[in-house]
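**Student:** Build me a structure from this.
(one chain, ligands or ions: 2)
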Amino acid sequence: MGDCSLLKKEILLGGLRCSHCAKDIIKTVSNLEEVEGCNLDFEAQKLIIDILDTYNEDKVVSKVIDTINSIEPDLDIDVTINSINSRKRQKGRGKNMKSLSKAEVNDNVNPIKVEFILNGLNCAHCAEVINEKVGKLKGVKSSNLNFVNKKMTLNLTDEQNESEIIRKTIDIINNTEPGLDIVVNSKSKLGIKKEIILGGLNCAHCAEVIGQKVSNLSEIESSDLNFINKKLTVLIKQNENSKQVIEKIIDIINNTEPGLDINIVKNSQQANISVEEKEKDSSKKDLLKLIVGFGMYAVAIYQSTIGVESKLMNLLLIISYLVVGGGVIIKALKNMTKGRIFDENFLMLIATVGALAIGEVEEAVAVMLFYQLGEYLQGIAVGKSRKSIASLMNIRPDSANLKVNNEIKVVSPEDVEIGDVIVIKPGEKVPLDGVIIDGSSMVDTSAITGESVLRETAIGDDILSGFINKNSLLIVKVTKGYGESTVSKILDLVENASSKKSKTENFISKFSRYYTPIVVCLAATIAIIPPIVIQGAEFSEWFYRGLLFLVVSCPCALVLSIPLSFFSGIGYASKNGILIKGSNYLEALKDVDTVVFDKTGTLTKGVFNVTNINAVDISKQELLEYAAIAEVNSNHPIAKSILKTYGKAVDLDSIKNYEEIAAHGIRVQYNNEKILAGNEKLMKANNILYSEAKEVGTVVYVAVNGIYKGYVVISDEVKEDSKDAIRNLKNVGIKEVVMLTGDNKDVANKVASDLNIDTVYSSLLPNEKVEKVEEIYEGRNEKEKVAFVGDGINDAPVLARVDVGIAMGALGSDAAIEAADVVLMTDEPNKIYKAIEISKKTNKIVWQNIIFALGVKVVVMVLGAGGMATMWEAIFADVGVALIAVINAMRILK
Ligand SMILES: Nc1ncnc2c1ncn2[C@@H]1O[C@H](COP(=O)(O)OP(=O)(O)OP(=O)(O)O)[C@@H](O)[C@H]1O
Ligand SMILES: [Zn+2]
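**Tutor:** Ligands and ions are numbered 1, 2, ... in the order given. Below is the predicted model:
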């Protein structure tokens, strides 16, 4: 590392005004692997990043810019390239100004995404290699491979090279890990992807002809016919009518090769099912090989105990070795030709061939057998946990019943448009968000909210995708396209969560990059040096010890189980109605020791009732009318409750100069009367002589033309589960619970004492809430984290400031989903402790796995070096440990 030096780059973020985005930018940029340090000067609108000069700086800078654009698309970004401390570069500050034109920057606003599903990908190391190589392709801005759901997402710089990049990516994948089944989902604006399965297609020549003819269609952007899985994938140009094009394609197929069983794939899930079946087949083959291999091994060992000729026994053993290890040998040789020598297969080949060479035939075969058995079991375990995570998130609807002229057509949810009418039968999943226009029913919201009670819905109610209609027919008018629906958003969030890596994950991936080479070097040293320097040391003895090191040199147990653990935690949380936007937040939750709550709408219901009206010189009804006139344009819960009590219409045309003053109230003109309605601060600010209300409650004072007219007292109720929520937080180790509110001191103190809240700050303006949070941060170290819980409406700046911002009741509210790091799908504060519990459990299991895996490996290496361990221990330290770690990770789901 001695030769590395740091490059500093300044990125000017013109127009950065949102402190939330600023925080997000820092958080995300500093999480980028290539960025060593990162600092944001909010005043100067400047982001300074440190990059190691071992990275390609342009790449890193453009990655950083992409990151910024994905958070806050409209910034005016300029890059100043500075190199400080660099021996190679001696440029002065600010000399080498490189500015990106606005057009270039805007280009990044809507990144072009391509998704690859790599079915059959079981090697975490290969996954990393693939991701790294693809990330370096020209035209690829960034790539993220989620090993757990086998999905790789590429962000491209522009759409022109898309097909080229897709081809190159597929090449890379095939070269690195041959035999994968690759599904490409292009979400680009280029077109609509359709997959057609051609059942019974057995003639390769016909396939070629079909492929040729289809690709010649002018309506088609690109097409690909995979003869092996009989799948024709076409990308239909954006402006074409996909139904007509599909019909044309079907005609072509029928003319070329009549009698095929043509199936149009509705969604990639379906395609995955057939792939899954194939994977099952190959795992059956593996099992068969193992049984045969173990059988022969057992016979050979038995023969040797009864004294049969050892040549025959060795022959049996070698056959068993080839049957079970054939795949490993082929893969290893292939990889060797590509110069990949730290590959697991290769190391296993060397270890076993080495053992054979020194005459340890029995052991060599046993190592291969148990290695393959371990891999096999590990495959099953990973597959199982993938399935259980997937079933937690099994909210994707399969189809929608579209109503067209009194007829019902079953279509894919993607094909339904806003304004379409769909029919949801009892027992069906709600496919899209909408509003009920006919019918009433009970719906099960648990898949989305984690709430087990059924909800009653009727005409006029909103209904969200992912709910299940329980008992009677509902007619729904669709209000959002599938891409914008609740289900897609949740799935997007959860699937992308793995790209925000936790510190532990980053540590492990860095660690594993050094671990294998170091252990391999140790292996070589042990095999070579002692026989030379120690007198009488036998070469084969030390060679064997070296081989042990090779067997334990794979960090797979960690590379596999740790991301799996975080993904399980996120999946499990989502099952409970808790959406966690990144592994980093899941990890941070365990360190939270202070939870700060907003009051209204968070701890209280935010539904006020008028409890008293105190009018001066006018009637109560008149006072209420003034209040209602003032509040009619406000969305504040206070406004809603006053209007509800007033119950009559207000003449909107007579209202002028409406002004809502945050945390104060309303100022408005009605005909010739200037009305003020708000709290004491508002009265004081306008020099109104008012008399203070005696009751505890939220008080709305009213003044007309500068003269005080009385007040309306309204009160809110605490939520049923708020008290439990606070108690449970204390039980999971939260030291301090704080409440912030814009409401008055009396109300605040009452709520705090009812709920056992430690610290209260009242009568706060929105910016004072941020200041209070700053105060809470003073004198804290990094390990003591603060979470803030709000309803996401007025508290975005605070949500943004804290380590973990939690928004609640986000069902349907986009603002809250945007602003927070953790989103609770329901209004229940009692979910927060649950999120912390999941975080702690995940963390515990992650560290159990790290300590266990490394511990066992180190012990085996030490014993091995001292000649006290055999291949058996080594093989356990490799595949046995990996298997146990994966099984351990699955405990998170329980
Ligand atoms: N539309 C309004 N009409 C009357 N008073 C208002 C209105 N909006 C705000 N206020 C006054 O300002 C205070 C603070 O309002 P703000 O919206 O900042 O906090 P809140 O969301 O009601 O409470 P919390 O801070 O607990 O979430 C309210 O308690 C009320 O006294
Ligand atoms: Zn609030």
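**Student:** Quick check: residues of the stretch 651-800 of the chain near ligand 2?
**Tutor:** N794 (C-beta under 5 Å from the ion). Every residue, glycine included, has its C-beta placed from N, CA and C.
**Student:** By proximity to ligand 2, which residue of the stretch 651-800 of the chain wins?
**Tutor:** N794 (4.7 Å; C-beta to the ion).
**Student:** looking at this, that residue is in a helix?
**Tutor:** No: counting by DSSP: H, G, I helix; E, B strand; the rest coil, N794 is located in no helix; its state is coil.
**Student:** thought it was touching E660?
**Tutor:** No: assessed by C-beta atoms under 8 Å, N794 is found out of contact with E660, at 11.4 Å.
**Student:** ok, now which ones touch the residue most central in space within the chain?
**Tutor:** Centroid check for the chain by C-alpha atoms, centre = their mean gives A497 as the closest residue, at 1.5 Å. By C-beta atoms under 8 Å, 6 or more residues apart in numbering, the contact list for A497 reads 567, 570, 580-583, 586.
**Student:** Find the closest residue to ligand 2 in the stretch 601-750 of the chain.
**Tutor:** Ligand 2 sits closest to G601 of the stretch 601-750 of the chain, with a gap of 5.7 Å, by C-beta to the ion.
**Student:** What distance do you get for that residue to R455?
**Tutor:** According to C-beta to C-beta, to the nearest Å, G601 and R455 sit 20 Å apart.
**Student:** more crowded one of those two?
**Tutor:** Neighbour count, other C-beta atoms under 10 Å: between G601 and R455, G601 has more, with 21 against 15.
**Student:** in the stretch 651-800 of the chain, what residue is nearest ligand 1?
**Tutor:** G742 (2.6 Å; C-beta to the nearest ligand atom).
**Student:** my guess is that residue meets H664, correct?
**Tutor:** No: look at G742 against H664 with C-beta under 8 Å: they stay out of range, at 9.0 Å.
**Student:** on that earlier part again, which residue comes closest to the residue of the stretch 601-750 of the chain closest to ligand 2 once chain neighbours are left out?
**Tutor:** Once flanking residues are discounted, G601 sits nearest to D791: 4.0 Å by C-beta to C-beta, 6 or more residues apart in numbering.
**Student:** what's the pLDDT at the one you found?
**Tutor:** Model confidence at D791, given as pLDDT, is 81.
**Student:** and it, what is it in contact with?
**Tutor:** Applying C-beta under 8 Å, 6+ apart, we find D791 in contact with 598, 600-602, 606, 807-809, 816.
**Student:** quick one: which of these is nearest ligand 1?
**Tutor:** Nearest to ligand 1 among those, with distances taken as C-beta to the nearest ligand atom, is T600, at 3.4 Å.
**Student:** For my notes, confirm Y55 occurs in a helix.
**Tutor:** No: using three-state DSSP, the assignment for Y55 is coil, not a helix.
**Student:** how deep is it tucked in, by neighbour count?
**Tutor:** A count of nearby residues for Y55, using other C-beta under 10 Å, gives 17.
**Student:** Find the nearest non-adjacent residue to it, please.
**Tutor:** Closest residue to Y55 apart from its sequence neighbours, by C-beta to C-beta, 6+ apart: E34 at 4.6 Å.
**Student:** Okay, the one you found and ligand 1: tell me how far apart.
**Tutor:** E34 is 40 Å from ligand 1, where distance means C-beta to the nearest ligand atom, to the nearest Å.
**Student:** Could you do V595 as well?
**Tutor:** Using C-beta to the nearest ligand atom, one gets 15 Å for the distance from V595 to ligand 1.
**Student:** With V299 instead?
**Tutor:** Distance of V299 to ligand 1, computed by C-beta to the nearest ligand atom: 76 Å.
**Student:** you'd agree that residue is up against L316?
**Tutor:** Yes: counting by C-beta under 8 Å, V299 touches L316, with 6.1 Å between them.
**Student:** could you point out which element follows the helix or strand encompassing G326?
**Tutor:** When elements are assigned from DSSP states H and E, G326 belongs to helix 310-337. Moving toward the C-terminus from helix 310-337, the next helix or strand (DSSP H and E) is helix 344-357.
**Student:** buried sites along that following helix?
**Tutor:** Residues 344-356 are the ones in helix 344-357 that count as buried (16 or more other C-beta atoms under 10 Å).
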